[in-house]
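Visitor: the following comprises the amino acid sequence and a computationally predicted model.
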Amino acid sequence: MANPNSNNAHASIGLQGMWGFSPSVDLLEESQHSIDGDEINVLLVNACDIRHVLKTISRRRRSSSPNTPPPAVNFYMIDNPVEVTARHLLLLSTIFDWEIPIRQRSILFLEIYGNCLIQDRTSRYIAKQASGLIELVTGGEHQLEDMVCFDHLKFRERDGLESCFKHWGDSSFFDMAALRDQRLRHYYGERYDSRRNVLDWDYQTRIKLVASIIHIKQYREWRNSGIAFEFGDSTYNQPNKTMSSYAIGTLKKGKEKGIKKEIRGFWLDVVVSPYSAFGVECERVNEYAEGLFQILNKGTGTEQHRHHTVEVATYNIMSYLWEIETNKKYEMRKKNDIFSGLGEDASDVIIYSNGKEEEEGDTEAQAESTTDGNADTSSKPPEPPKSNVQPPAAPQTLSEAEKEERIEKRRIRQAASRARNIVEAMDNVKVYPLCGTIDSMYNKSKFTNKFDIVHVSQHGVHNIGDENFASLLAANASVMLESGKHVYALSNKQCTELTKKMVELTEKHPTWKLKNSNKAQIEKL
């Protein structure tokens with residue numbers, strides 16, 4: 001009953017995907033076994049977004065040490081159509097736009113990622129990024145030029161990417177609201193006028209049981225308007241052109257009626273939502289992060305989460321960025337305040353907009369001057385004890401110019417430190433975009449027995465039934481399959497049947513060993 005159009009599941013999930021149906025994972029950690037060699041090749045089949053890449057990059061240095069640097073990682077991302085790959089590049093470009101503070105960058109990323117309608121300034125930002133991405137794909141200078149490699153793309157596919165970027169940057173009108181409403185009408189059919197009841201049923205019977213952190217009001221707003229992530233009193237009235245794409249359709253009017261043709265429109269999911277990728281789980285590094293999932297009024301029948309999925313998603317993106325730029329786990333410093341861990345970020349214009357500087361800056365400077373020195377003080381004799389009676393400290397009053405100077409010095413120190421950490425985090429990381437379907441890789445010797453880790457999403461899980469799929473795997477490779485847990489268009493019974501079907505597909509490969517039927521994770525012996 002979760003799907004009012006049960007005869008056509010694609011009516012809800014959509015012909016194409018631009019966000020994932022499961023939480024992001026650290027692919028190196030989840031592979032659950034060590035891989036020999038200094039280089040790891042990872043294949044992501046129809047991942048629909050960059051969530052796994054982002055999380056894996058941010059945590060890559062956790063298991064390393066000065067004597068054992070992190071392994072080189074090559075991400076091969078195959079998606080279809082070309083518009084999905086273009087979005088990957090835009091999201092990567094946004095994430096690694098170091099000039100924007102972490103807080104604002106996280107919000108900007110989520111707005112582009114999950115909102116059909118965006119702010120006017122975000123629309124201008126996408127157009128600006130699109131211009132830079134044209135330079136990247138045509139061999140010009142770009143911040144991603146050392147990370148993204150187009151060696152495996154045909155010139156026709158590069159031209160397709162360039163065409164996408166030009167569409168994002170031009171002034172042509174794209175009626176996102178009307179096109180999405182057409183999708184909704186196709187999905188609901190006769191029940192369009194009672195769609196509120198339908199989505200409430202979906203929420204109560206599926207989402208609340210699996211991801212109750214998603215609030216009914218937020219889910220309802222996204223189902224109706226396509227706006228998943230709202231921040232403050234912002235106005236979202238511009239179309240997010242990155243969600244537009246082409247699909248084969250039959251013309252119903254005009255001289256070409258009945259002819260099949262590629263039609264630009266909105267062909268994405270209208271039931272699952274972008275929340276599953278970043279907004280339902282997070283690393284709970286301290287009690288404050290644990291508090292993000294606090295439930296009030298337990299046992300009363302009126303239970304309610306203290307926080308919601310947008311806060312969790314923002315926390316996750318900030319965590320990834322923070323770890324990339326500082327090589328430290330992001331930790332909240334105050335209860336119920338996801339931004340409290342940014343108190344040390346001197347680039348955050350919100351924290352320092354009023355010339356306010358925390359005392360941590362001076363402490364940090366003293367710590368740096370102490371630890372950066374080369375003198376060995378361990379052999380010095382201890383100083384005689386001092387009297388506990390101290391004269392009262394004279395109040396120190398700084399002028400506005402002195403405050404600004406201190407803040408600027410702190411920014412410079414942090415910028416230098418972050419530059420080093422960013423270089424370390426991105427060192428030996430490559431992303432190889434691929435366009436098309438996975439069967440195009442089977443007969444190419446350069447991909448034979450190449451991949452140590454493979455992640456297959458629900459959009460591509462049917463491919464594992466092909467006997468040629470195993471030809472892509474290296475010895476001791478790990479294959480991870482996305483389950484249907486967060487595919488809310490499916491009923492609980494259908495999810496169980498889906499898991500059984502995936503297990504049956506793996507049985508076509510006798511050398512595979514099933515390790516976790518809940519995650520449907522398989523390891524090739």
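Guide: All right, it came through fine.
Visitor: doesn't residue 449 make contact with residue 475?
Guide: Yes - counting by C-beta atoms under 8 Å, residue 475 touches residue 449, with 7.4 Å between them. The C-beta positions use only the backbone N, C-alpha and C, and glycine is treated the same way.
Visitor: residue contacts, residue 92?
Guide: Counting by C-beta atoms under 8 Å, 6 or more residues apart in numbering, residue 92 touches 50, 53, 144, 147, 148, 431.
Visitor: could you pull out the strands for the protein?
Guide: Assigned strands in the chain, in chain order: 39-45, 72-79, 117-118, 238-239, 245-250, 260-265, 295-296, 304-305, 429-435, 451-456, 473-481, 512-516, 521-524 (criterion: DSSP state E).
Visitor: so what pLDDT did residue 365 get?
Guide: Residue 365 is assigned a pLDDT of 40 by the prediction.
Visitor: tell me the one of the contacts of residue 92 nearest residue 266?
Guide: residue 50 (20.8 Å; C-beta to C-beta).
Visitor: list the buried ones in stretch 70-88?
Guide: 70-71, 73-88 (16 or more other C-beta atoms under 10 Å).
Visitor: stretch 121-133 now?
Guide: Applying a neighbour-count criterion of 16+ other C-beta under 10 Å, one finds 122, 123, 125, 126, 129, 130, 132, 133 buried in stretch 121-133.
Visitor: what about the stretch 251-400 of the chain, any weak spots by pLDDT?
Guide: Across the stretch 251-400 of the chain, the ranges flagged by pLDDT under 70 are 344-396.
Visitor: give me that answer again for 90
Guide: Along the stretch 251-400 of the chain, segments meeting pLDDT under 90 span 251-263, 298-303, 343-400.
Visitor: need the helices for it, in chain order.
Guide: Counting by DSSP state H, counting those that start in this stretch, one finds helices in the stretch 251-400 of the chain at the ranges 275-278, 287-290, 309-326, 360-371, 400-426.
Visitor: pretty sure residue 86 contacts residue 242?
Guide: Yes - using C-beta under 8 Å as the test, residue 86 is close enough to residue 242 to be in contact (7.3 Å).
Visitor: thinking again about what came up before, and the strands of the chain, which one's lowest on average pLDDT?
Guide: In terms of average pLDDT, strand 521-524 trails the rest of the strands of the chain, at a mean of 52.
Visitor: ends of stretch 419-432, what's the gap?
Guide: 24 Å (C-alpha to C-alpha, to the nearest Å).
Visitor: ugh, wrong one, I meant stretch 478-489
Guide: End-to-end distance for stretch 478-489: 28 Å, by C-alpha to C-alpha.
Visitor: run the chain-centre distance for it.
Guide: Stretch 478-489 has its C-alpha centroid displaced from the chain centroid by 16 Å (C-alpha atoms, centre = their mean, to the nearest Å).
Visitor: over to stretch 314-329?
Guide: Its chain's C-alpha centre and that of stretch 314-329 lie 12 Å apart, by C-alpha atoms, centre = their mean.
Visitor: what sits up against that stretch?
Guide: Applying C-beta under 8 Å, 6+ apart, the contact partners of stretch 314-329 are 24, 54-55, 57-59, 61, 95, 98, 102-103, 105-107, 109-110, 278-279, 282-283, 285, 289, 292, 330, 332, 338-339, 341-342, 417-418, 421-422, 424-426.
Visitor: and those, which of them are buried?
Guide: 24, 54-55, 57-59, 61, 95, 98, 102-103, 105-107, 109-110, 278-279, 282, 289, 292, 330, 332, 338-339, 341-342, 418, 421-422, 424-426.
Visitor: show me the shaky parts of the stretch 101-250 of the chain.
Guide: In the stretch 101-250 of the chain (pLDDT under 90), the answer is 171-173, 232, 248-250.
Visitor: nearest to residue 408 among the buried residues of stretch 121-133?
Guide: So of those, ranked by how close each gets to residue 408 (C-beta to C-beta), first place is residue 125, at 25.9 Å.
Visitor: tally up the residues packed near the closest residue to the closest one other than its chain neighbours, please.
Guide: Spatially, and ignoring its direct neighbours in sequence, residue 125 is nearest to residue 108 (6.8 Å; C-beta to C-beta, 6 or more residues apart in numbering). By other C-beta atoms under 10 Å, the residues close to residue 108 number 22.
Visitor: picking that back up, now the buried residues of stretch 121-133 as CSV including distance to residue 502?
Guide: Listed next are these as CSV, based on distance: C-beta to C-beta, whole Å:
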residue, distance to residue 502
122, 38
123, 40
125, 39
126, 36
129, 37
130, 38
132, 40
133, 35
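Visitor: sort out for me which of these are in helices.
Guide: Among the buried residues of stretch 121-133, the members falling in helices (DSSP state H) are 122, 123, 125, 126, 129, 130, 132, 133.
Visitor: correct me if wrong: residue 198 contacts residue 191.
Guide: Yes - counting by C-beta under 8 Å, residue 198 does reach residue 191; the two are 5.6 Å apart.
Visitor: who has more neighbours, these two?
Guide: Using other C-beta under 10 Å as the criterion, residue 198 and residue 191 rank with residue 198 on top: 20 against 12.
Visitor: okay, the contacts of residue 92 in a markdown table with distance to residue 257 and neighbour count next?
Guide: Converted to a markdown table, these look like this (distance: C-beta to C-beta, whole Å; neighbours: other C-beta atoms under 10 Å):
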| residue | distance to residue 257 | neighbour count |
| --- | --- | --- |
| 50 | 40 | 26 |
| 53 | 43 | 23 |
| 144 | 44 | 17 |
| 147 | 47 | 16 |
| 148 | 42 | 20 |
| 431 | 43 | 22 |
